[in-house]
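Participant: My questions are about this predicted structure, shown below with the sequence.
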Amino acid sequence: MKMNKNAPCWCGSKKKYKNCHEKWDDTINVLKIRGHMVPEHHLIKNAEDIKWIKKAAAINNGILDNVGSLIKPGVTTEEIDKFVYDYTTSHGGIPAPLGYEGYPKSVCTSVNDEICHGIPSDKVVLKEGDIVNVDCTTIFHGHYADASRMFCVGQVSPEAQRLIDVTKECLEIGIKAVRPWGHIGDIGAAIQEHAHKNGYSVVREFCGHGVGNGFHEDPYVQHVGIRGTGMVIAPGMVFTIEPMINEGKAPLYIDEDNGWTAYTKDGKLSAQWEHTLLVTEHGVEILAW
Ligand code: MF3
Ligand code: CO
Ligand code: CO
């Protein structure tokens with residue numbers, strides 16, 4: 001169906017279609033005819049969405065900039081949770097994890113062999129040499145921003161530090177692979193190569209994801225892949241890249257008691273970094289980090 005050039009654009013910008021997404025649709029339609037999977041219109045954020053996502057991101061970035069000063073031997077992950085809840089709500093936001101599909105806390109705190117979805121607890125006391133991922137998602141005015149970083153508890157082993165550093169490089173290399181009118185598979189291919197080159201494995205069960213108007217939107221952003229495959233990356237998409245990289249093998253198991261926390265099967269370390277990205281006409285803008 002061809003839209004009237006003078007009708008308001010489908011993106012909600014209130015601009016005329018011909019001055020807004022007509023060219024975008026033309027490009028998408030060519031790719032679609034060539035057999036590529038393309039994003040639906042509802043995945044494309046307009047200026048208003050982006051404005052609110054950036055406000056959510058500002059709170060989220062503030063949490064992760066400040067939580068590090070709390071993290072030292074003897075601190076519990078419950079204390080991290082309290083900091084995240086208090087910071088978020090005092091800045092007018094809502095911690096997205098709290099109550100999400102039954103998740104009981106405001107943040108995920110994944111320690112050592114925990115891959116992701118570590119649940120804060122007063123029983124988890126951080127000790128010298130631990131590595132911990134703090135994964136925060138903030139809702140502001142109905143819009144979401146999602147990011148995570150690694151923190152070291154006191155002095156950590158050179159092996160742990162190398163895993164943290166290479167995992168961050170995996171995220172950075174994944175971001176460099178994001179190109180408007182490229183493919184989601186380009187991202188996973190780049191990440192996978194870098195992880196394997198360093199002797200590490202990539203977790204397959206958890207992926208990056210569209211984000212912004214909801215917590216988890218399409219597409220899935222796998223951290224393994226084949227270049228030129230998967231959904232086309234188009235300007236206006238907002239999604240996360242969040243590689244989970246294991247020191248040992250990739251297989252995992254889920255905590256039977258809480259139903260959430262993923263651990264490495266071999267008990268070796270796992271690290272993760274996550275950013276929320278906006279695809280622009282010329283490249284990529286990092287919104288939450
Ligand atoms: N923040 C996680 C992500 O990166 C999702 C956590 S879901 C929760 O997608 F319920 F555990 F918080
Ligand atoms: Co996250
Ligand atoms: Co995420």
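Facilitator: That came through fine. Ligands and ions are numbered 1, 2, ... in the order given.

Participant: near ligand 2, which residues of the stretch 151-289 of the chain show up?
Facilitator: residue 274 (C-beta under 5 Å from the ion). Every C-beta, even on glycine, is put in place using the N, C-alpha and C of the backbone.

Participant: Can you name the residue of the stretch 151-289 of the chain nearest to ligand 2?
Facilitator: Nearest residue of the stretch 151-289 of the chain to ligand 2, counting by C-beta to the ion: residue 274, 4.9 Å away.

Participant: That residue: what's it in contact with?
Facilitator: Residue 274 makes contact with 135, 146, 147, 148, 171, 208, 240, 241, 242, according to C-beta atoms under 8 Å, 6 or more residues apart in numbering.

Participant: try it again with 7 Å
Facilitator: By C-beta atoms under 7 Å, 6 or more residues apart in numbering, the residues touching residue 274 are 135, 146, 147, 148, 240, 242.

Participant: Got phi/psi on the residue lying closest to it once chain neighbours are set aside?
Facilitator: Leaving aside its chain neighbours, residue 274 sits nearest to residue 242 (3.4 Å; criterion: C-beta to C-beta, 6 or more residues apart in numbering). Here is the backbone geometry of residue 242 (degrees, to the nearest 10): phi -150, psi 60.

Participant: What count of nearby residues applies to residue 242?
Facilitator: Neighbourhood size, residue 242 [other C-beta atoms under 10 Å]: 26.

Participant: could you measure the residue of the stretch 151-289 of the chain closest to ligand 2 against ligand 3, distance?
Facilitator: 5 Å (C-beta to the ion, to the nearest Å).

Participant: Can you tell me who that residue pairs with across the strands?
Facilitator: Beta-bridge partners recorded for residue 274 (DSSP bridges): residue 148.

Participant: distance between stretch 49-69 and the chain's centre?
Facilitator: Taking C-alpha atoms, centre = their mean, to the nearest Å, one finds stretch 49-69 lying 13 Å from the centre of the chain it belongs to.

Participant: Now do the buried residues in that stretch.
Facilitator: 49-50, 52-64, 67 (16 or more other C-beta atoms under 10 Å).

Participant: can you check stretch 194-213 too?
Facilitator: 194-195, 198, 200-203, 206-213.

Participant: Show the end-to-end separation of it, please.
Facilitator: For stretch 194-213, the first-to-last residue distance is 31 Å (C-alpha to C-alpha, to the nearest Å).

Participant: Report whether it contacts ligand 3.
Facilitator: No. Using C-beta under 5 Å from the ion, stretch 194-213 stays clear of ligand 3, with a minimum separation of 5.7 Å.

Participant: Please compute how far that stretch lies from its chain's middle.
Facilitator: 10 Å.

Participant: contacting residues around it?
Facilitator: Residues from elsewhere that reach stretch 194-213, judged by C-beta under 7 Å, 6+ apart: 43, 45, 49, 53, 115-116, 143-144, 146, 163, 166, 169-170, 173, 191-192, 216-224, 237-247, 249-250, 252, 276.

Participant: could you flag which of these are buried?
Facilitator: For the contacts of stretch 194-213, a neighbour count by 16+ other C-beta under 10 Å gives the buried set as 43, 45, 49, 53, 115-116, 143-144, 146, 163, 166, 169-170, 173, 191-192, 216-217, 219-224, 237-247, 250, 252, 276.
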